[in-house]
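Engineer: coords please:
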Amino acid sequence: MIKNIDCFLKKEITALYKILVHEDCYSDELTDTYIIECSDNSYVQILIDGDVVIRKMESVTDYVVLGEYDVRRSNFELGSCNSILNNTVINTVETYVNGDSYLFGIRFLDVQKQYIAGFTLGFDEIKLIDEAEFETMLAAYTNTEAGVKKQLIN
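Structural biologist: The predicted structure follows:
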């Protein structure tokens, strides 16, 4: 189980952000993290560093950045990515494991078991995906020899 994953329960996601980095003439978004803002003004960071880390944040700027950046020349900012959220309260969190150990997906559902948001997870990458993409990913892993194990947190 992912430590602190239950901190999302009964929360309403009001904003979702990626961290953008600007360094000299280079700009990019960090692919290993998302910042989630909830309606109670709390913030949570989902961070992939080999393992999935769920961090409660003191403020929207209390995020962790992995990698080697020259902090004197780097500028970090949050970029909004709210396009697929429907601002409802999270009632259930589902995690999906392929075989015995490869955690590949997290899905948030409302009280009617309707899709709120989902993430696909890699070793050092996390990506927000819509419901159709989540179902496609789930079907692909289900059709493997190792199969899929689902854990419900509610």
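Engineer: Indicate each strand paired with the one helix or strand in the chain whose mean pLDDT sits lowest and its parallel or antiparallel sense.
Structural biologist: Of all helical and strand segments in the chain, the minimum by mean pLDDT, DSSP states H and E falls on strand 26-29, at a mean of 88. Strand pairing for strand 26-29, using DSSP bridges, gives strand 13-23 (antiparallel).
Engineer: what's the spacing between the least confident helix or strand of the chain and its chain's center?
Structural biologist: Here the centre of strand 26-29 is set off from its chain's centre by 20 Å, with CA atoms, centre = their mean, to the nearest Å.
Engineer: what's the answer for stretch 67-80, then?
Structural biologist: Distance, stretch centre to chain centre, for stretch 67-80: 20 Å (CA atoms, centre = their mean).
Engineer: Now do the buried residues in that stretch.
Structural biologist: For stretch 67-80, the neighbour count (16 or more other CB atoms under 10 Å) marks Leu78 as buried. Just so you know, the C-beta spots here come from the backbone N, C-alpha and C atoms, and that holds for glycine as well.
Engineer: How about stretch 123-140?
Structural biologist: Buried positions in stretch 123-140, judged by neighbour count with 16+ other CB under 10 Å: Ile126, Leu128, Ile129, Phe134, Met137, Leu138.
Engineer: helix, strand or coil for the fifth one?
Structural biologist: The reference is to Met137. Look at Met137: counting by DSSP: H, G, I helix; E, B strand; the rest coil, its state is helix.
Engineer: Packing partners of whichever helix or strand comes after the least confident helix or strand of the chain?
Structural biologist: Per DSSP states H and E, the first helix or strand lying C-terminal to strand 26-29 is strand 33-38. Counting by 3 or more CB pairs under 8 Å, 6 or more residues apart in numbering; DSSP states H and E, the packing neighbours recorded for strand 33-38 are strand 13-23, strand 43-49, strand 126-129.
Engineer: C-alpha coordinates for the first one, CSV please?
Structural biologist: What follows is strand 13-23 as a C-alpha-only set of coordinates in CSV (Å, rounded to 0.1, in the frame of the first residue of the first chain):
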residue,chain,number,x,y,z
ILE,A,13,-9.8,18.3,-5.8
THR,A,14,-10.1,22.0,-6.9
ALA,A,15,-6.9,22.3,-8.8
LEU,A,16,-4.1,20.1,-10.3
TYR,A,17,-0.7,21.4,-11.2
LYS,A,18,2.5,20.3,-12.9
ILE,A,19,5.8,21.9,-11.9
LEU,A,20,7.4,23.8,-14.8
VAL,A,21,11.1,24.5,-14.8
HIS,A,22,12.9,27.3,-16.7
GLU,A,23,16.7,27.3,-16.8
